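> next input, structure requested:
(one chain, ligands or ions: 2)
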Amino acid sequence: MFKQTTHAKLIVIASLLPIASFGIVGAISYYEINSFLDDENWVKHTYQVIGQADDVEKSMLDIETGSRGYAITGNPISLDVFNSGMSNISGQLDSIRQLTADNPDQQSNIKKLTNLVEQKIAFSSKTVSLRNNQGKDAAIQNVATLNGTNLMVQIRQVISDMKNTENNLLDQRAHTSQMSAQNSTNTIIAGTAIAIIITIISTIAVYKKMKQRDEVEKTNIELHLETEKLRERDNAKAELSAMVSHELKTPLVTISGYAEMLKDEGVLGTLNQEQIHAVDTISSQTVKLERLISDIMDAQKMDLKRMKFNKREFAVDELMEEQIQIHSKLMDDKNIQFTNTTKEKLKIKSDPDRLNQVFANLIKNAVDFVPENGKIEINATRKNGDVLFYVKDNGKGIPKEKQDGLFKKFYQIDTSLKRSHGGTGLGLVICKGITEALGGTIWLESEVGKGTTFYFQIPNNGSTNQNQEEV
Ligand SMILES: Nc1ncnc2c1ncn2[C@@H]1O[C@H](COP(=O)(O)OP(=O)(O)OP(=O)(O)O)[C@@H](O)[C@H]1O
Ligand SMILES: [Mg+2]
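Ligands and ions are numbered 1, 2, ... in the order given. Down below sits the predicted model:
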C-alpha cells in the first residue's frame, strides 16, 4: 500500500516537473518578449518624434525661404511655399507636443520652440504683407534686419536639442531592447535545456521505479507460489503425522488393557512379584507413551487449527481447588507444599478442560524443577475483566537467555542424558496454543536459583481461532 502510494506520487511528480519547468520557461519568455516588444514600441516612438522635429524644421524653412523669395521676386510660387509651411506648422507642433507629453525636458523645449515659431511666423508674415502693401523695398528692408535669420538659427538650435535628446533616448532604448532580446533568447535556450534534462531525469527515475516494482511484483508472485507449495507440503505432513499418532494410540489402548487384566488376579491368573513389577513398568510406560502421543496430536491439531474447544461458564475458584485434588498425589514423592491462594470467587466463560490441560503441563514442569520440600503455588485473580492465573515454584529457575525458546516445539533447556526431567518439549507449546486460541496470552518470570512463575491471562468468552463447540 505504502509502496503503491510512493510510486503513484513519484509518477505524478515526474510528470509535473517537466510541465512545471516548461511552464516557467514559457512565463519568463512571455515576460521577456513583452518587454522586448515594449522597448521596440519606444524605439518607434523616438523615430516618430525625430521625424516630426524634421518636419517642423522643414515647414519653418518653407516659411523662411517662401517669405524671403516672395519679398525679392514677388513670385506667387514663393508665396505658395510660404503658405504650405504655414498650413503644416501648427499641426506638426501639436503632434510633437503630444508625442513628448511624458517627457518634461522635451515639453520645455516645445514651449521654447512654439514661442520662437510664433515670432518667426509673425516676422515672415510681416515680410509678406509689406511686399503686398508697400512693395519690394520695404519687404527687403525688413528681411535685411536679420531678425528672421536670428530666429531661424534659434529654432534650428531648439530642434537640434530636441533631436539630440531623442537620439540619446534612442540609444538607451535600443540598448535595452537588445538586452531584452538577448535575455529572451538566453532564457528560452537555458530553460528548454533544463526542462529537457528534468524530463530525461524523471523519465529515467520513473522507468527505474517501474522496473523495480515489476521485479518486486515478480518476486512476490514467486514467493507466494513457493509459500503455497510449502503450506500444502506442511499440511500434508501434519495430516500424515496426525494420522500416524492416532494409529499409534489404538494399540496402546489394547496394551494397557491387557496390562490391567494381568494385574487383576482373578482374570489371567496370579503373577509373582517380579512379573507384577514388569507389568507395572509396562503400565506406567504405556501411560507415558499415551501422554506423549496425546501431546503430539494436540500440537498437530493446533498447527492445523483443528483443536476443539468447548466453552461454558464455570466457577474459577472450583477449577483451582480441582487442581489441588488432581495433582496433590504428584507432590508426595518430593514432599512439595502445594497451595492454592485464590481468594476471589470468579466466574468466567471459557474452556475449563483446556485450562486444566494448561495447569497440568505447568504443574508437572514445576514438580520436576522444585527441590525436595519445595513450594508450588497456584492463583487466580480478576484483571481488567480477564482472569489472570499463575503457577509459581521455587525451583531452579530459567536463565534469561533461554526464556525466548521455551514456547518453541521440542525445546528443552537441559538436553543431557543425565537430566532428571523427562518429556519431549511440547508442554509449553500446547499451553501457548491453548491460551492464545482462547484469546489470551502466556508469559513467565523467572530468576535462576529463586524459581519460576508462569502467568496466563484468559478473557471472559475470548474469541477462538480454532474449532469450538458451544454447549
Ligand atoms: N517451572 C520450570 N522451571 C524450570 N524450567 C522449566 C520450568 N518449566 C519448563 N521449564 C523448562 O522448559 C522446557 C520446556 O518445557 P515443556 O513443558 O515445553 O517441555 P518438557 O516439560 O520438557 O516436555 P513435555 O512437557 O512435552 O513433557 C523444559 O524442558 C525445562 O527445561
Ligand atoms: Mg512439560
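
> element containing the residue of the stretch 201-350 of the chain at minimum distance from ligand 1?
Proximity of the stretch 201-350 of the chain to ligand 1 (Cβ to the nearest ligand atom) peaks at Asp295, 5.4 Å away. In short, each C-beta sits where N, CA and C put it, glycine included. Assigned by DSSP states H and E, Asp295 falls within helix 273-303.

> quick one: list the elements packing against the helix or strand just after that helix.
Counting by DSSP H and E, the next helix or strand C-terminal to helix 273-303 is strand 312-315. If you count contacts as 3 or more Cβ pairs under 8 Å, 6 or more residues apart in numbering; DSSP states H and E, strand 312-315 packs onto strand 347-350.

> and the residue of the stretch 201-350 of the chain closest to ligand 1, how far from Ala360?
For Asp295, the distance to Ala360 (Cβ to Cβ, to the nearest Å) stands at 11 Å.

> for Glu445, same thing?
Glu445 sits 21 Å away from Ala360, going by Cβ to Cβ.

> where does the stretch 251-400 of the chain have low pLDDT?
Residues of the stretch 251-400 of the chain meeting the criterion pLDDT under 70: none.

> residue in it nearest to ligand 2?
Here the stretch 251-400 of the chain gets closest to ligand 2 at one residue, Asn365, 4.3 Å apart by Cβ to the ion.

> and the pLDDT at the closest residue to that residue other than its chain neighbours?
The spatially closest residue to Asn365, leaving aside those adjacent along the chain, is Gly427, at 6.2 Å (Cβ to Cβ, 6 or more residues apart in numbering). We have a pLDDT of 93 for Gly427.

> tell me the contacts of Gly427?
Contacts for Gly427 (Cβ atoms under 8 Å, 6 or more residues apart in numbering) come out as 295, 361-362, 364-365.

> elements contacting the helix holding Asp295?
When contacts are defined as 3+ Cβ pairs under 8 Å, 6+ apart, helix 273-303 sits against helix 147-263, helix 427-437.

> what does this protein put close to ligand 1?
By Cβ under 6 Å from any ligand atom, the residues of the chain that approach ligand 1 are 295, 361, 365-366, 369, 393, 395-396, 398, 406, 411-414, 421, 423-428, 452.

> let's see that with 5 Å instead.
365-366, 369, 395, 398, 412-413, 423-428, 452 (Cβ under 5 Å from any ligand atom).

> and of the contacts of Gly427, the nearest to Lys163?
Lys163 has its nearest neighbour among these in Leu362, at 114.1 Å by Cβ to Cβ.

> can you give me the domain boundaries for the chain?
Domains of the chain are assigned by automatic domain parsing as 1-306, 307-458.

> any part of the first one near ligand 2?
Put plainly, it is domain 1-306. No: shown here: domain 1-306 not in contact with ligand 2 (Cβ under 5 Å from the ion), separated by at least 8.7 Å.

> now do that domain: distance to the chain's middle.
Centroid separation for domain 1-306 versus its chain: 25 Å, with Cα atoms, centre = their mean, to the nearest Å.

> next one: the last one
Distance of domain 307-458 from the chain centroid (Cα atoms, centre = their mean) equals 47 Å.

> give me the distance between the two termini of that domain.
Domain 307-458 stretches 17 Å from its first residue to its last (Cα to Cα, to the nearest Å).
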